[in-house]
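> My questions concern the predicted model and sequence given below.
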Amino acid sequence: MERSFWNDQKIEGFIGNLLRAGVMLSALVVVIGGAVYLARHGFARTNYRSFHSEPVQLRTLTGIVRFAVRGHGQGIIQLGLLLLIATPVARVAFSVWGFAIERDRMYVLFTLIVLAVLLYSLFGSSALGG
């Protein structure tokens, strides 16, 4: 897109709408997942004598997507939480693009550093055994 179309006000408005849409979408997905989970397991008896963690498949992105696509409530809830986590990451990524459009190299650099830290905290630390 050309630079003249994007000004500070339009970029800030787009970022605000991005954040709003991300939170609303994630909340909707979590509510749908909660409804599915309660519809299937709402009357199940809970055993408080032993702890059962979430299934191992719900600890990876591919496992969460598989569970959600198959209609499992836990997978849908986890997917909604991932969308919530992805919302500020998408905001930072769009900010890099916005600063690049404005040709503000210093803020592009700072925002890329913030994006790298966010991505490392999400993906890199567990890959390195952290």
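That came through, no problem.
> what about the residue most central in space within the chain, which helix or strand?
Centroid-nearest residue in the chain, with CA atoms, centre = their mean: A86, separated by 2.4 Å. Using DSSP states H and E, A86 falls within helix 73-101.
> who's in contact with the residue nearest to H72 when sequence neighbours are not counted?
Once flanking residues are discounted, H72 sits nearest to V36: 7.6 Å by CB to CB, 6 or more residues apart in numbering. Placement of C-beta: from N, CA and C, glycine included. Going by CB atoms under 8 Å, 6 or more residues apart in numbering, V36 touches 71-73, 76.
> Now with 10 Å, please.
Counting by CB atoms under 10 Å, 6 or more residues apart in numbering, V36 makes contact with 68, 71-77.
> how much space is there between it and M24?
Computed as CB to CB, to the nearest Å, the V36 to M24 distance reads 19 Å.
> that older thread, ok, which pair from the contacts of V36 is furthest apart?
Among the contacts of V36, the pair separated by the greatest distance (CB to CB) is G71 and I77, at 12.1 Å.
> list residues touching both of those two?
With CB under 10 Å, 6+ apart as the test, G71 and I77 both reach 33, 36.
> before we move on, the earlier item: for D8, see how far away the residue nearest to the centre of the chain is.
25 Å.
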